[in-house]
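Peer 1: sequence first, predicted model second:
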Amino acid sequence: MPRIAIDVLLKREILDPQGRAVEQALPGLGYDAVSEVRVGKHLELLIDAEGDELDAQVEKLCADFLTNPVIESYRWRVIGDDERADA
Amino acid sequence: MRVGVVSFPGSLDDHDAAVAVQTCGGEAVTLWHADADLKGVEAVILPGGFSYGDYLRCGAVAHRAPVMEAIAAFARDGGPVLGICNGFQVLCEAGLLPGALLRNEGLRFVCRDVLLDVEATDTPWTRAYADAPPIVVPAKHGEGRYHADERTLDALEADRRVVVRYAPGNNPNGSARDIAGICNAGRNVVGLMPHPEHAVDPVLMGGEDGRGFFDSILEVAAAPTGA
């Protein structure tokens, strides 16, 4: 069954106060080279579908429920077991 | 008049909303989230709280509850619906109101009285505020920053659908254009972040400026049909 990874961020034009707070903390910790921090969500799931049907189901799931298109954008991809973020 | 108050798992202010309805002379009816049954009520309140733990996004899971299908149909038929705080978030997630509520600009949970201008008094929830001075009601939320794209904001302003606005210097969360609450095109669905139901008893809460929302809906019921 394909494993899907979905990354969700607030749209670029929307203020992300969490990302800004992280960014402002970094210089004090010695990380001077970092900018444009955005904090979002990463979801992983299994879905029993393949091919065009897989694409359609994941798109619908993202647009209908997992993200709110008014404020968020997302990207998704099929990942292998060795690419799971929870290792 | 029978006014329904929805209880989701994680609702906190459903009891206060029911007490506010009763204080103002109405009959409060509990509507259970899992029942798509409005029990014949004439108005519905979606209360504050953290429905379903605010998992995923505030209001995202609540708007899939069976009772919400019935409320969406009720709203489409012109039934009066008021969403307070988490209820406002649920109405936005459900698409019954435009826009969304984001994390407060200052990241902190805000809990304090705010001064509000009631700008639209031609909704069933605000008509008691006609010609009234600004009101003071409590706000308490971590995710109350109203957001919509510029075109939507312009349309809301043009159609006078900004129902309540934070008075200058009172915006606690960075909401676009100081918007505290809006209504739908039909003006029967109103959502706002501050809590009028916490300001109906001067002895308990130090003010009763929130009463107008409940007086308004009960007056609508008392008015002659077709008026």
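Peer 2: It's in.
Peer 1: pLDDT below threshold where in chain A?
Peer 2: For chain A, no stretch is flagged by pLDDT under 70.
Peer 1: any chance you could map the helices in it?
Peer 2: A:17-25, A:51-61 (DSSP state H).
Peer 1: and the ones you listed: which comes nearest A:I6?
Peer 2: Of all these, helix A:51-61 sits nearest to A:I6, with 7.7 Å by CB to CB. No exception for glycine: its C-beta is placed from N, CA and C like everyone else's.
Peer 1: show me what the closest one is packed against.
Peer 2: Counting contacts by 3 or more CB pairs under 8 Å, 6 or more residues apart in numbering or on different chains; DSSP states H and E, helix A:51-61 packs against no other helix or strand.
Peer 1: for it, buried residues please.
Peer 2: Neighbour counts over helix A:51-61 (16 or more other CB atoms under 10 Å in any protein chain shown) mark A:V58, A:L61 as buried.
Peer 1: ditto for stretch B:108-115
Peer 2: Quick answer for stretch B:108-115 (16+ other CB under 10 Å): B:V110, B:D113, B:V114, B:L115.
Peer 1: swap in stretch A:18-26?
Peer 2: A:G19, A:E23.
Peer 1: and it, how far out from the chain's middle?
Peer 2: 18 Å (CA atoms, centre = their mean, to the nearest Å).
Peer 1: what's the answer for stretch A:27-43, then?
Peer 2: Mean C-alpha position of stretch A:27-43 versus that of the full chain (CA atoms, centre = their mean) differs by 15 Å.
Peer 1: how close does B:A73 sit to B:K39?
Peer 2: Here B:A73 is placed at a distance of 14 Å from B:K39 (CB to CB, to the nearest Å).
Peer 1: burial measure for the closest residue to A:L10 other than its chain neighbours, as a count.
Peer 2: Once flanking residues are discounted, A:L10 sits nearest to A:D16: 5.0 Å by CB to CB, 6 or more residues apart in numbering or on different chains. A:D16: 19 surrounding residues under other CB atoms under 10 Å in any protein chain shown.
Peer 1: just the strands in chain A please.
Peer 2: Chain-ordered strands for chain A, with DSSP state E as the definition, fall at A:3-10, A:41-46, A:72-79.
Peer 1: most proximal residue of chain B with respect to chain A?
Peer 2: Residue nearest to chain A within chain B (CB to the nearest CB): B:A100, separated by 4.6 Å.
Peer 1: confirm for me that that residue is in contact with A:P69.
Peer 2: No - with contact defined as CB atoms under 8 Å, B:A100 does not count as touching A:P69 (9.5 Å).
Peer 1: got a list of what the residue of chain B closest to chain A touches?
Peer 2: Going by CB atoms under 8 Å, 6 or more residues apart in numbering or on different chains, B:A100 touches A:N68, A:V70, A:I71, B:Q89, B:C92, B:E93, B:Y146, B:H147, B:A148.
Peer 1: for it, give me phi and psi.
Peer 2: In terms of degrees, to the nearest 10, the main-chain angles of B:A100 are phi -160, psi 160.
Peer 1: partners of it in the sheet?
Peer 2: Assessed by DSSP bridges, B:A100 has beta-bridge partners B:H147.
Peer 1: quick revisit: by neighbours, which of the contacts of B:A100 wins?
Peer 2: Using other CB under 10 Å as the neighbour criterion, B:Q89 leads the contacts of B:A100 with 30 neighbours.
Peer 1: does that one touch B:Y146 like I think?
Peer 2: No - using CB under 8 Å, B:Q89 makes no contact with B:Y146, being 10.2 Å away.
Peer 1: got any residues that touch both of the two?
Peer 2: What both B:Q89 and B:Y146 touch, as defined by CB under 8 Å, 6+ apart, is the set B:A100, B:L101.
Peer 1: ok, which stretches of chain B are strands?
Peer 2: B:2-7, B:27-32, B:43-46, B:81-84, B:100-102, B:110-118, B:135-141, B:145-147, B:162-166, B:179-183, B:189-192.
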